[in-house]
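Asks: give the three-dimensional model of this entry:
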Amino acid sequence: MKTPAITQPLGTHKFMRALVAGVALCTTASGLAACGSLTVAHDPPPVSAPSASAIVGGRYDRILTVGSLQISPSRTEMTTKNLGLTWDQAAKLFEATSEVQGSHAQAILGYGLVTLGNSKVPPPGTPPLDHRGAWVGIAWGGVTSCPAANPPKDSTSTKTAYRSIYTAVVIYGQGGDGAVVYTNRGTPPCGGPLTGPKLATAREVLSVPWQPTSASEDGSIPVAYRAPSCAGLFSTTADGNLKTDLFKVGVEVTVPFDYAKCQTITNTTDVVLAPHSTTPGTPTVPPHPILAHAPTGLVKVLEVGDLVDSGPHASPTSLSSLSID
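Replies: Predicted coordinates:
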């Protein structure tokens, strides 16, 4: 059966986030080590750069090499589902991966055969990635505000050719139950010494149920939220209107893709509804705000243009905004 063309816009998430202190990619109370972040040794330079032209009909149409990661076309004919996921379902998982949070100039997503070389010690539970079928989303070209000052004359960035950083989310588990994130060795957006390569267990961002535990005070509300025991607090959201006294509140956590095996527990946190007033005696929020619950489930954190699936029988799709060839 012919699959219709699917266009998946990747827009900015509409909530303003009050990021908790210390939250970075895959932050938990036990630190980055709990995320399975590892350095991959001897990462070779890219042989070919990612671009939208690599994706035809929702799959990789040619061999693509980024550092130690190689993606080859699948030998079997493209179906509407691979690993039990449609392109649209895989896109939602890719967009919700915490490691690709923020603005990126370009991104692609497709199905292919993945080989990850020189990964001596993959994250625990990761199967061998040697021509393994997987959905692979790649984001690059992060939009970053850099200091205007010129780098020092002895800076490493002046001695080393610039190398783009590509972040690849490899979803290899059936139904999306299992994924890793690979980042090649490259130059940070604002320059400086080369970083990476790194291999880590992928984590997705979820909005979870919550209940207030007491009345608001000083512009914040204490809440209890239900989340998997393997979750780490990612951010809180409060989309409010001081004129109507209505606030849409959300609590977001990061979890591994196979979080269903983790027990659900209750945690507590404070959600900031409005900044604390600097004027004595001036309240920033009403004493009894109306609280609405933000939608629960996957949260889109990747900000980019469009990911386009042209369908398995359509002609190749070219996105000038994504191509770097």
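Asks: where in the stretch 51-200 of the chain is pLDDT low?
Replies: Under the criterion pLDDT under 70, the flagged ranges of the stretch 51-200 of the chain are 77-78, 118-121, 143-145, 147-162.
Asks: the helices in it, which residues?
Replies: Assigned by DSSP state H, counting those that start in this stretch, the stretch 51-200 of the chain shows helices spanning 87-95.
Asks: wait, doesn't residue 202 sit right on residue 167?
Replies: No: in this structure, residue 202 is not within contact of residue 167 by C-beta atoms under 8 Å, at 10.3 Å. Using the backbone N, CA and C atoms, a C-beta is placed for each residue, glycine as well.
Asks: shared neighbours of those two, anything?
Replies: Listed as contacting both residue 202 and residue 167 by C-beta atoms under 8 Å, 6 or more residues apart in numbering are 99, 181.
Asks: so those two - more neighbours on which side?
Replies: residue 202 (30 against 25; other C-beta atoms under 10 Å).
Asks: ok, and the closest non-adjacent residue to the more buried one?
Replies: residue 179 (3.8 Å; C-beta to C-beta, 6 or more residues apart in numbering).
Asks: contacts only, for that neighbour.
Replies: By C-beta under 8 Å, 6+ apart, the contact list for residue 179 reads 93, 97, 169, 170, 171, 172, 173, 201, 202, 257.
Asks: what do you get if the cut-off is 7 Å, keeping everything else the same?
Replies: Each residue near residue 179 by C-beta atoms under 7 Å, 6 or more residues apart in numbering is listed here: 169, 170, 171, 172, 173, 202, 257.
Asks: which residues does it bridge with?
Replies: residue 171 (DSSP bridges).
Asks: same deal with residue 222?
Replies: Taking DSSP bridges as the rule, residue 222 bridges to residue 270.
Asks: what pLDDT is listed against it?
Replies: Note for residue 222: predicted pLDDT of 92.
Asks: so it touches residue 213, yeah?
Replies: Yes: in this structure, residue 222 is within contact of residue 213 by C-beta atoms under 7 Å, at 4.7 Å.
Asks: of the contacts of residue 179 - the most surrounded one?
Replies: In the contacts of residue 179, the most neighbours by other C-beta under 10 Å go to residue 202, 30 neighbours.
Asks: for it, what are its contacts?
Replies: 97, 99, 169, 179, 180, 181, 257.
Asks: neighbours of residue 141, just the number please.
Replies: Applying other C-beta under 10 Å, we find 17 residues neighbouring residue 141.
Asks: er, residue 291 I mean
Replies: When neighbours are counted by other C-beta under 10 Å, residue 291 registers 20.
Asks: which of the helices or strands spans it?
Replies: In the assignment (DSSP states H and E), residue 291 maps to strand 290-293.
Asks: may I see the contacts of residue 202 arranged in TSV, with distance to residue 81 as well?
Replies: What follows is the contacts of residue 202, written out as TSV (distance: C-beta to C-beta, whole Å):
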residue	distance to residue 81
97	20
99	25
169	18
179	17
180	21
181	23
257	17
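Asks: wait, which of those residues is closest to residue 189?
Replies: residue 99 (15.1 Å; C-beta to C-beta).
Asks: ok, the closest one touching residue 182?
Replies: No: using C-beta under 7 Å, residue 99 makes no contact with residue 182, being 9.6 Å away.
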